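> Sequence unavailable; structure follows:
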């Protein structure tokens with residue numbers, strides 16, 4: 001993929017309140033990837049990784065793999081886009097800012113996820 005063309009898009013909740021810890025954070029993320037038409041063919045494999053990092057920066061969860069996706073743009077000279085849904089679930093043991101990192105073909109995006117103990 002090209003720099004700045006793989007984007008995590010979304011809006012909504014980035015702070016999770018829990019009465020006590022440990023607890024589990026669960027969310028759905030829609031990841032939008034944009035590239036040239038020849039990048040989205042069944043013959044072309046892409047590396048991917050998702051990571052959850054705790055407030056100290058330690059990786060608490062990681063999934064690494066490869067996948068192919070087939071998509072067509074409106075015209076051969078237009079960029080092609082695909083949206084990939086991802087279900088994310090991880091255990092939290094402390095308050096603070098966690099990070100959901102998504103890596104695709106060497107480009108990486110991060111979403112902060114705040115965990116708070118108490119009531120909103």
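It's in. Only a predicted model underlies this, so the values are computations on that prediction, with no experimental measurement involved.

> who's residue 114 bridged to?
Counting by DSSP bridges, residue 114 is bridged to residue 15, residue 97.

> swap that for residue 48, sorry
residue 65, residue 104.

> Give the full set of residues in contact with it.
64-67, 102-105 (CB atoms under 8 Å, 6 or more residues apart in numbering). Any C-beta I mention is one placed from the backbone N, CA and C, and that applies to glycine too.

> so which pair among those residues is furthest apart in space?
Distance extremes for those: the farthest pair is 66 and 102 at 14.4 Å, using CB to CB.

> Residue 102 and residue 64 touch, don't they?
No. Under the criterion of CB atoms under 8 Å, residue 102 is not in contact with residue 64, lying 11.7 Å apart.

> who touches both of those two?
Shared contacts of residue 102 and residue 64 (CB under 8 Å, 6+ apart): 48-49.

> The two: which is more packed in?
Shown here are residue 102 and residue 64; by other CB atoms under 10 Å, residue 102 has more neighbours (22 against 10).

> where does that one land in three-state SS?
Under DSSP: H, G, I helix; E, B strand; the rest coil, the three-state class of residue 102 is strand.

> For it, give me its contacts.
Residues in contact with residue 102 (CB under 8 Å, 6+ apart) are 8, 29, 31, 48-50, 86, 108-111.

> Need the residue closest to the centroid of the chain.
residue 102 (3.8 Å; CA atoms, centre = their mean).

> I'd like the distance between it and residue 90.
Taking CB to CB, to the nearest Å as the measure, residue 102 falls 14 Å from residue 90.

> now the strands for the chain?
Assigned by DSSP state E, the chain shows strands spanning 6-9, 15-18, 23-35, 46-53, 59-67, 80-92, 96-104, 107-117.

> That'll do, ta.
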